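*Asks:* predicted structure and sequence below. I'll ask about it afterward.
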Amino acid sequence: MAAATKDAVLGSAVDLAREVAIELAEDPADVGEYLGMVVEGERLVTHRFASAARGYRGWEWTVTVARVPRGRTATVCEAELLPGPDAVLGQTWLPWSERIRPGDIGPGDVLPFRADDPRLEPGWTPSGDPELDSVAIDELALARVRVLSPVGRDEAAERWYRGPHGPTSAGAVASAAACYSCAFLVPLQGSLGTVFGVCANEWSPDDGVVVSLDHGCGAHSETDVEPAATDWPAPDPLIDELKLELVPATVRAEPAPAPVEEVVAESVDEVVGETAEAVTETAEGVAQTADEVVAEPAEAVAETAETTDEVVAEPAEGGAETTETADEVVAEPAEGGAETAETADEVVAEPADGVAETADEPVHEPVVGSDETDAATSPES
């Protein structure tokens, strides 16, 4: 094939190509300087213009023109904006099912079904043998259409162990103890449980996340932090002189109770002593009262006798009346003395016998004296 040669008619169609580029662009200013032409073939040339549009740095406006044989007029074949050698390009286009990455699935998004997913393999199909089915379904949890294949299990273990929840993360390197000794670790079942577990500590940054057994963080259940002195100076104490603080009274410790026998003996001694003192005081009071009671009638009888003598001795008419008066006067003290003696006997009879004998002797003297007084004052004497 013969090499393409320059075409004078097409090479001179620069103004035509610029007009087409300006019509294609949104703004005439987006079409920049002329960059040259490229001979695409016989009677086929492409003119290039720099792009000044925002976001299209390094791109070029290309307009391709051609002519018929022996023709003297250029015809525009196509015009478009194409990337140049220094253009900023996007990533190679891929189907969305291949472009998706972890974390891209949002609410309502659904992944397409992959029947040939190498990470999965068929699950357990019940065979009718109770022993085999119980082991596969109950113990191994294989009663699903598909389960993890060795490839899928290995990929998950590698991803978890090399990720931010493995032993190489910054938190694990700075931790004082590993997760395998933490009380908040919940081990996994199966072969993955030998390397991984789930964190159940709400204060940990890995709460609810699968972590390796040699991972770690600052919320380990068995570690502690050393107390550090504060750099802030201690504030001066503040005294509130207007607030009253109620302090409860201190309860004093009571001595241990004495044995029951000692308490009973002391109580009996105190009761007996108090009773004896009370009896003695009562006896002394009764004796003194009896003496005072007996002495008062005697004095009254004596005074009455003197009064009677004075009355009888006065010579006056109507001696019989005076005598009767004297008898009445003398009889009243005598009767009063007798009543007083009876009262004294009743009072003295209550205390002991020794007190009663002492009180009986002076009781009868006023009574005898009253009879003698009556005989001395009688008109017959």
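*Replies:* Structure received.
*Asks:* only C-alpha atoms for contact and neighbour calcs from this point on.
*Replies:* OK.
*Asks:* name the helices or strands packed onto the helix or strand hosting residue 152?
*Replies:* Residue 152 belongs to helix 150-162 when assigned by DSSP states H and E. Packed against helix 150-162, as judged by 3 or more Cα pairs under 8 Å, 6 or more residues apart in numbering; DSSP states H and E, are the following elements: strand 210-212.
*Asks:* mean confidence score for the strand it packs on?
*Replies:* Strand 210-212 shows a mean pLDDT of 96.
*Asks:* ok, it: who's next to it in the sheet?
*Replies:* strand 196-199 (antiparallel) (DSSP bridges).
*Asks:* quick one: average pLDDT of the partner strand?
*Replies:* The predicted model assigns strand 196-199 a mean pLDDT of 96.
*Asks:* so what touches it?
*Replies:* 184-188, 206-213 (Cα atoms under 8 Å, 6 or more residues apart in numbering).
*Asks:* now these: which count as buried?
*Replies:* Buried members of the contacts of strand 196-199, scored by 16 or more other Cα atoms under 10 Å, are 184-187, 206, 210-213.
*Asks:* tell me which two in these are the farthest apart.
*Replies:* Across the buried ones among the contacts of strand 196-199, the two members that end up farthest from each other (Cα to Cα) are 187 and 206, 14.3 Å apart.
*Asks:* any stretches of the chain with poor pLDDT?
*Replies:* 1-5, 139-140, 253-381 (pLDDT under 70).
*Asks:* just give me the neighbour total for residue 67.
*Replies:* 19 (other Cα atoms under 10 Å).
*Asks:* now do the contacts for the closest residue to it other than its chain neighbours.
*Replies:* Distances taken as Cα to Cα, 6 or more residues apart in numbering put residue 74 closest to residue 67, at 5.1 Å, once the chain neighbours are dropped. By Cα under 8 Å, 6+ apart, the contact set of residue 74 is 9-10, 13, 65-67.
*Asks:* return the member of the residues you listed nearest to residue 79.
*Replies:* residue 65 (9.0 Å).
*Asks:* and the closest residue to the closest one other than its chain neighbours, how far from residue 54?
*Replies:* Take residue 65 and drop its neighbours on the chain: the residue closest to it by Cα to Cα, 6+ apart is residue 76, 4.3 Å away. From residue 76 across to residue 54, the span is 26 Å (Cα to Cα, to the nearest Å).
*Asks:* so between the two, which is more surrounded?
*Replies:* residue 76 (18 against 7).
*Asks:* for that one, what are its contacts?
*Replies:* 17, 63-66.
*Asks:* now do 7 Å
*Replies:* By Cα atoms under 7 Å, 6 or more residues apart in numbering, the residues touching residue 76 are 64-66.
*Asks:* also residue 175?
*Replies:* Contacts of residue 175 (Cα under 7 Å, 6+ apart): 216-218.
*Asks:* could you dump the residues you listed to CSV with distance to residue 232, neighbour count and secondary structure?
*Replies:* Listed next are the contacts of residue 175 as CSV, based on distance: Cα to Cα, whole Å; neighbours: other Cα atoms under 10 Å; DSSP: H, G, I helix; E, B strand; the rest coil:
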residue, distance to residue 232, neighbour count, secondary structure
216, 32, 29, coil
217, 28, 20, coil
218, 25, 18, coil
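*Asks:* what is the burial count for residue 181?
*Replies:* The burial count for residue 181: 14, using other Cα under 10 Å.
*Asks:* nearest residue to it other than its sequence neighbours?
*Replies:* In space, residue 181 is closest to residue 222, 7.9 Å off (Cα to Cα, 6+ apart).
*Asks:* what is the burial count for the one you found?
*Replies:* Neighbours of residue 222 under the rule other Cα under 10 Å: 10.
*Asks:* any idea how far it is from residue 148?
*Replies:* Taking Cα to Cα, one finds residue 222 at 35 Å from residue 148.
*Asks:* give me the contacts around the longest strand seen in the chain.
*Replies:* If you go by DSSP state E, the chain has its longest strand at strand 31-41. If you take Cα under 7 Å, 6+ apart as the criterion, strand 31-41 is touched by 4, 6, 21-22, 45-52.
*Asks:* kindly recompute the last result at 8 Å.
*Replies:* 3-6, 11, 18, 21-22, 25, 45-53, 61.
*Asks:* by how many degrees do the helix or strand following that strand and strand 31-41 diverge?
*Replies:* Following strand 31-41 in sequence order, the next helix or strand is strand 44-51 (DSSP H and E). Put simply, strand 44-51 runs at 160 degrees to strand 31-41, going by axes from the mean of the first three to the mean of the last three Cα atoms, to 10 degrees.
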